[in-house]
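> Show me how the following folds:
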Amino acid sequence: DWNALRSGEYGQPPQVTIWLAQLGVYLGIALAEKLIVSALLIAPFWEQLGNIILAPMATFSQKFEAVFVMLIVPCVINAIWFWIVDNFLMRAETAKPRRRRINPFNMEMEEFEGDNEDDLLL
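Numbers count the residues shown, from 1 in each chain. Predicted coordinates for the structure are as follows:
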């Protein structure tokens, strides 16, 4: 059943098998990403590209260069990767959360869809 692979939906009541199927898809994507990155890292052009990128840092200390290469760059790349995966997995229905508000005219609870906080408060 392909509906079991819809991200964030685990059935009513939630089922472990659906979650495991989604986990398997995610792990497959993560494995493919790691294999692609590993294959790219073996490519010979990285040494030349690294020299070009790190050339402006020649005046800085080797500690700064190590912090840049081992901390800053991986954090930026992980943030970009998280954003890409999050946007890929996010369903259109979950992009705008549904909220509830009290209708001031009849004092009944109603569903509210929208981004304008003023409308929510009125």
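
> Tell me how many other residues surround residue 61.
The burial metric for residue 61, expressed as a neighbour count using other CB atoms under 10 Å, is 9. Using the backbone N, CA and C atoms, a C-beta is placed for each residue, glycine as well.

> Show the contacting residues for it.
The neighbours of residue 61, taking CB atoms under 8 Å, 6 or more residues apart in numbering as the test, come to nothing; the list is empty.

> go with 10 Å
residue 67 (CB atoms under 10 Å, 6 or more residues apart in numbering).

> Distance of it relative to residue 67?
9 Å (CB to CB, to the nearest Å).

> One more: residue 58?
15 Å.

> in the protein, which spans are helices?
Per DSSP state H, the chain carries helices over the ranges 16-42, 45-54, 62-67, 73-89, 92-95, 117-121.

> Could you dump the ones you listed into JSON lines and include mean pLDDT, distance to residue 108 and mean neighbour count?
Listed next are the helices of the chain as JSON lines, based on pLDDT from 0 to 100; distance: least, CB to CB, whole Å; neighbours: other CB atoms under 10 Å:
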{"stretch": "helix 16-42", "mean pLDDT": "87", "distance to residue 108": "35", "mean neighbour count": "11"}
{"stretch": "helix 45-54", "mean pLDDT": "84", "distance to residue 108": "60", "mean neighbour count": "10"}
{"stretch": "helix 62-67", "mean pLDDT": "86", "distance to residue 108": "58", "mean neighbour count": "11"}
{"stretch": "helix 73-89", "mean pLDDT": "83", "distance to residue 108": "35", "mean neighbour count": "11"}
{"stretch": "helix 92-95", "mean pLDDT": "48", "distance to residue 108": "24", "mean neighbour count": "9"}
{"stretch": "helix 117-121", "mean pLDDT": "53", "distance to residue 108": "16", "mean neighbour count": "9"}
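
> Okay then, goodbye and thanks.
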